[in-house]
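> Make a model of this:
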Amino acid sequence: MSEQRPRAIIPRYKLILMYDISLENNESYYQFAMSRFIPVVQAMDVHLTEVWQTAYGEYPVRMISFVVEDLDTIRRMLQSEEWKRVEDQLQEYVENYTRKVVVYKPNFQFITE
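Model (predicted):
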């Protein structure tokens, strides 16, 4: 049996999602994120790289980063019906949702308005 290895990519762009998880939806959020949201996004050739939890300060509780090799991949994803569905579903579990596409840097990147 041959084992398939993950394909190495050269990240060029990063999709950053930031939000607060609604307290009443905490458990449902985790189930949705792990079983639906992340698998759907990764199936579109958009790779999860970071998940951050804010412990202190006036920042959103959660920050998730995905990377892609080219801007066309992220554009196709953001315009797809599947993305629109899972993004809408995500927003049922969260508040203060923000997303931004930025040029990839190998260090911590944060959305500032």
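
> Can you list the low-confidence ranges for this structure?
For the chain, applying pLDDT under 70 flags the ranges 1-6, 110-113.

> in it, which spans are helices?
Using DSSP state H, the helices of the chain run over 26-32, 38-43, 71-79, 81-93.

> Among those helices, single out whichever gets nearest to residue 64.
Nearest of the helices of the chain to residue 64, taken as CB to CB: helix 38-43 at 8.3 Å. Heads up, the C-betas are built off the backbone N, CA and C, glycines and all.

> quick one: residue 26 from residue 52, how far?
As defined by CB to CB, to the nearest Å, residue 26 lies at a distance of 17 Å from residue 52.

> So these two - more neighbours on which side?
Here residue 26 and residue 52 are compared on neighbour count by other CB atoms under 10 Å; more neighbours surround residue 52, at 16 against 10.

> For the more buried one, list each beta-bridge partner.
Beta-bridge partners for residue 52, by DSSP bridges, are residue 63.

> Would you mind measuring from it to residue 45?
23 Å.

> Check residue 96 too.
Counting by CB to CB, the gap from residue 96 to residue 45 is 28 Å.

> How about residue 67?
10 Å.

> which of these two has more neighbours?
residue 67 (19 against 15).

> How far does stretch 65-72 stretch from one end to the other?
17 Å (CA to CA, to the nearest Å).
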